[in-house]
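Participant: Next input, structure requested:
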Amino acid sequence: MTAYAHRREERLRKELGAVGVVLRVHDAVIIALAPGAVRHFTH
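Facilitator: Down below sits the predicted model:
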């Protein structure tokens, strides 16, 4: 993981945590969003 990706992940984790959402990251991620784009997906 690049330093940029790590900072972006931490920023997203913090922003989501503020609204009660837990970010779970795994190595099989298949969705990429543009910087700043956050979408909530339901299964």
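Participant: so where's the chain uncertain?
Facilitator: Scanning the chain for pLDDT under 70 picks out the ranges 1, 29-43.
Participant: All the helices of it, residue numbers only.
Facilitator: 3-17 (DSSP state H).
Participant: if I look at residue 2, how far off is residue 19?
Facilitator: Separation of residue 2 from residue 19 (C-beta to C-beta, to the nearest Å): 26 Å. From N, CA and C alone the C-beta is placed, and that goes for glycine too.
Participant: Ignore what I typed, I meant residue 4.
Facilitator: Residue 4 sits at a distance of 24 Å from residue 19 (criterion: C-beta to C-beta).
Participant: need the contact list for residue 2.
Facilitator: Under the criterion of C-beta atoms under 8 Å, 6 or more residues apart in numbering, residue 2 has no neighbours.
Participant: Residue 7: neighbour count?
Facilitator: Close neighbours of residue 7, defined as other C-beta atoms under 10 Å, add up to 10.
Participant: Against residue 20, how distant is it?
Facilitator: Remark: distance between residue 7 and residue 20 (C-beta to C-beta) = 22 Å.
Participant: who's in contact with residue 22?
Facilitator: Here residue 22 is in contact with residue 16 (criterion: C-beta under 8 Å, 6+ apart).
Participant: Phi and psi next, for it.
Facilitator: phi -100, psi 130 (degrees, to the nearest 10).
Participant: heads up, I number from 19, so please use that
Facilitator: Got it, the first residue is 19 from now on, which makes the last one we talked about residue 40.
Participant: where's it relative to residue 34, distance?
Facilitator: Counting by C-beta to C-beta, the gap between residue 40 and residue 34 amounts to 7 Å.
Participant: do the same with residue 22
Facilitator: Note on residue 22: its distance to residue 34, by C-beta to C-beta, is 19 Å.
Participant: same deal with residue 42?
Facilitator: With distances defined as C-beta to C-beta, the gap from residue 42 to residue 34 amounts to 10 Å.
Participant: Neighbour count: those two, which is higher?
Facilitator: Neighbours around residue 42 and residue 34, counted as other C-beta under 10 Å, are more numerous at residue 34. The numbers are 14 against 6.
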